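Engineer: The sequence and its predicted three-dimensional model are supplied below.
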Amino acid sequence: MNLIVIISDTLRRDFLGCYGNTWVQTPNIDALARESVVFDRCYTGSFPTMPMRADFMTGKYVFQNIGWAPLPPRTPTLQNVLRNNGYVTMLVTDHTQMLAPGMNYHQGFMGVEWIRGQASDTWITDPIEVKWPCAKEKLRQPENWVERYYRNISRRRTEADWFSPQTFTKAMEWLDTNYTHERFLLYIDTFDVHEPWTPPKWYVDLYDPGYEGEAVVYPRYDKSDYLTAAEIKHVRALYAGTITMLDRWLGRLIQKVSDMGLWDNTAILFTADHGWYHGEHGLMGKHTVLEPRKGWPFYEEVAHTPLILRIPGLEMGKRSDLLVQPVDMMPTLLEIFGLRAPDGLHGRSFLPALKGDAPNERKIAVTSGTLFADPSFTVYSTITDGEWVLNYGGEGGEALLHHLASDPGQERNVIRQEREKAVGLHSEYLKLLQAIGTDESRLKLRTHLPQ
């Protein structure tokens, strides 16, 4: 069996039709979902971008130690294990951070296709005038990220020149000449729908036609009151338009797989690393950078992620309430292919539970930024059992408890009324920290649970 992995950066699950959205057009992702298992309780683990990919590739959390860091050489990864078992392994990505010098996330891939120019990529130096889409103070890193990004996109002319279209096109071109391999891994990592959001105008007009204000394409991470209600609505339209464009081109890839006769022997996994706040909880962004020692809680909009998994030969077209995380995906995929996972993983295969042969062994899911041994850093961890969510800031931080069924917007902190539930989640969190080897200097700052 072949494997296609598709990771979309910063994609919120509640902007997809298969997760209940009624206003964003995602027909191709929704069609894939109808022929797959849709997981309703998938939570990201190590946050943000690169730590999640480390979790996914290695089956081990990294938030408790290395955080955002290069993958150590010779680390057992999904792609390494598959390569060692006869798979042709290919990475197609426009993800600059993934292939930055020294990051080493390409290890284990026999081939790498890098689409240049996304985000902060140091690529085009043409002497062009960059026109700001809005007041600079509304933008995150205007001179570093935004100006460089606009220089990089100055040569695009048609929709095929945008980044997610290029990424899926290169993946399809690879299939043209590689589909006859006995077995392959095609790993597609698209930086869309991460900001900046500059989709073609017709996609934006689907969601906010007639808008004449400023386009805040890369909003400053801050409390959201620096934007007007109309600007926030347009930010959502820019984001939704980018999602719909990605969906269009992902659909072409899926059609290609079917046309080539690969549909019945190719597993497909589609997921995202985290979400984004569009004014919910009074926030704009995904974490704070203005106060780097004081983090934001990981509410559902950021922590709760989409996961769609299609496995030929198993019953598909259903939903699962299994509690799963990126660290569980490597051992699960390897078991699907009949391969032994490396020893010492933090994640466990959920395939037996998915097939109904065993109970789900995961009691909690933990989403966390990198834990520091310095008490002046407030680092939030979200601990959930799928019903209750504890947002915990460690030493000096606060603790918020929410019941998702009765309070899906997480507006009522009930930690005082449900102290026992919070203590139970916190206890399971400490057990996990100890089990994954968190050092004592970091662990001791996570032991106090405030009222």
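Structural biologist: Cool, got the structure.
Engineer: Is Glu159 in contact with Pro200, as I believe?
Structural biologist: Yes: between Glu159 and Pro200 there is a contact under C-beta atoms under 8 Å: 5.5 Å. Placement of C-beta: from N, CA and C, glycine included.
Engineer: Residues that sit against both of the two, list them.
Structural biologist: Residues touching both Glu159 and Pro200 by C-beta atoms under 8 Å, 6 or more residues apart in numbering: Met245.
Engineer: can you give me the helices in this structure?
Structural biologist: Per DSSP state H, the chain carries helices over the ranges 27-34, 49-58, 78-84, 147-152, 163-178, 201-205, 229-259, 300-303, 329-336, 351-354, 419-435, 440-443.
Engineer: can I get those helices in JSON lines with distance to Leu345, mean neighbour count and mean pLDDT?
Structural biologist: Formatted as JSON lines, the helices of the chain follow (distance: least, C-beta to C-beta, whole Å; neighbours: other C-beta atoms under 10 Å; pLDDT from 0 to 100):
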{"stretch": "helix 27-34", "distance to Leu345": "27", "mean neighbour count": "18", "mean pLDDT": "98"}
{"stretch": "helix 49-58", "distance to Leu345": "8", "mean neighbour count": "24", "mean pLDDT": "97"}
{"stretch": "helix 78-84", "distance to Leu345": "11", "mean neighbour count": "20", "mean pLDDT": "98"}
{"stretch": "helix 147-152", "distance to Leu345": "37", "mean neighbour count": "20", "mean pLDDT": "95"}
{"stretch": "helix 163-178", "distance to Leu345": "28", "mean neighbour count": "19", "mean pLDDT": "98"}
{"stretch": "helix 201-205", "distance to Leu345": "40", "mean neighbour count": "16", "mean pLDDT": "98"}
{"stretch": "helix 229-259", "distance to Leu345": "29", "mean neighbour count": "20", "mean pLDDT": "98"}
{"stretch": "helix 300-303", "distance to Leu345": "21", "mean neighbour count": "24", "mean pLDDT": "98"}
{"stretch": "helix 329-336", "distance to Leu345": "6", "mean neighbour count": "22", "mean pLDDT": "98"}
{"stretch": "helix 351-354", "distance to Leu345": "14", "mean neighbour count": "19", "mean pLDDT": "95"}
{"stretch": "helix 419-435", "distance to Leu345": "11", "mean neighbour count": "16", "mean pLDDT": "98"}
{"stretch": "helix 440-443", "distance to Leu345": "21", "mean neighbour count": "13", "mean pLDDT": "95"}
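Engineer: so can I have a markdown table of the ones you listed showing distance to Gly397?
Structural biologist: Shown next, in a markdown table, are the helices of the chain (distance: least, C-beta to C-beta, whole Å):
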| stretch | distance to Gly397 |
| --- | --- |
| helix 27-34 | 36 |
| helix 49-58 | 19 |
| helix 78-84 | 34 |
| helix 147-152 | 34 |
| helix 163-178 | 36 |
| helix 201-205 | 38 |
| helix 229-259 | 27 |
| helix 300-303 | 16 |
| helix 329-336 | 29 |
| helix 351-354 | 33 |
| helix 419-435 | 12 |
| helix 440-443 | 14 |
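Engineer: tally of neighbours for Asn265?
Structural biologist: By other C-beta atoms under 10 Å, 11 other residues sit near Asn265.
Engineer: For it, report the pLDDT, please.
Structural biologist: Looking at Asn265, its pLDDT is 96.
Engineer: Using the record, which stretches count as separate domains in the chain?
Structural biologist: What automatic domain parsing lists as the domains of the chain is 2-354, 371-446.
Engineer: quick one: which of those domains is nearest Lys363?
Structural biologist: Of all the domains of the chain, domain 371-446 sits nearest to Lys363, with 5.6 Å by C-beta to C-beta.
Engineer: Now do the end-to-end distance for the closest one.
Structural biologist: End-to-end distance for domain 371-446, by C-alpha to C-alpha, to the nearest Å: 9 Å.
Engineer: what's the answer for stretch 288-296, then?
Structural biologist: 6 Å.
Engineer: Dihedrals phi and psi, the closest residue to Arg53 other than its chain neighbours?
Structural biologist: Closest residue to Arg53 in three dimensions, ignoring its sequence neighbours and counting by C-beta to C-beta, 6 or more residues apart in numbering: Tyr105, at 6.2 Å. When read as degrees, to the nearest 10, the backbone of Tyr105 gives phi -80, psi 0.
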